[in-house]
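**Q** Provided below for reference: sequence and predicted model.
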Amino acid sequence: MQLLLLSEIPEAISQIAKWYSDEWGYIGEGRSTVELEQKLTDYLNSDMLPLIIIAQEKEKLIGAAQLRFHEMDIYPEREHWLGGVYVAPSSRGQGVAKALIEAIIDKAKELDVTSINLQTEDMSGGLYSKLGWKAVERVNYRGIDVLVMNKPL
């Protein structure tokens, strides 16, 4: 498996946008594949946020994860967020998500980020709990129950 920045393979935007639209399109406006493709062009960074790290296996895109600013407007004090962690169904259960999360953490440290937050619909915290993330609060955000988690770096 190879981990790369989206800025190294910008042609991956269309696949990532489709994944995100298919997985989270129900959340609300701005989640169509076309709208997401436009938004994801903002993530073509390598040394500043927002950015995306992608996972590839033999030139095939198998996953993605984002490091971004201010994901939830109800937490203006929480600046840095892990988001958009997605692994293609055929590659799940093979450590791809863990590798992506660890790569995001490493990149965040490079950029002098001291703490990362996330939101998940898995109220147990799932993989994030196993990787040392701590629950902050359960909230209903934009009509969806989520668990907000944090990891100091």
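**A** Yep, it's here.
**Q** And the closest residue to R138 other than its chain neighbours, which helix or strand is it part of?
**A** Computed as C-beta to C-beta, 6 or more residues apart in numbering, the closest residue to R138 that is not its neighbour in sequence is L147, at 5.4 Å. Quick note: C-beta positions are derived from backbone N, CA and C, even for glycine. Using DSSP states H and E, L147 sits in strand 144-152.
**Q** Neighbouring strands of that strand in the sheet, and parallel or not?
**A** Taking DSSP bridges as the criterion, strand 144-152 sits next to strand 115-120 (antiparallel), strand 134-141 (antiparallel) in its sheet.
**Q** Toward the C-terminus, what is the element adjacent to the first one?
**A** Meaning strand 115-120. Next along from strand 115-120, by DSSP H and E: helix 126-130.
**Q** which helices and strands sit right next to that following helix?
**A** Helices and strands in packing contact with helix 126-130 are listed as helix 96-110, strand 115-120; criterion 3 or more C-beta pairs under 8 Å, 6 or more residues apart in numbering; DSSP states H and E.
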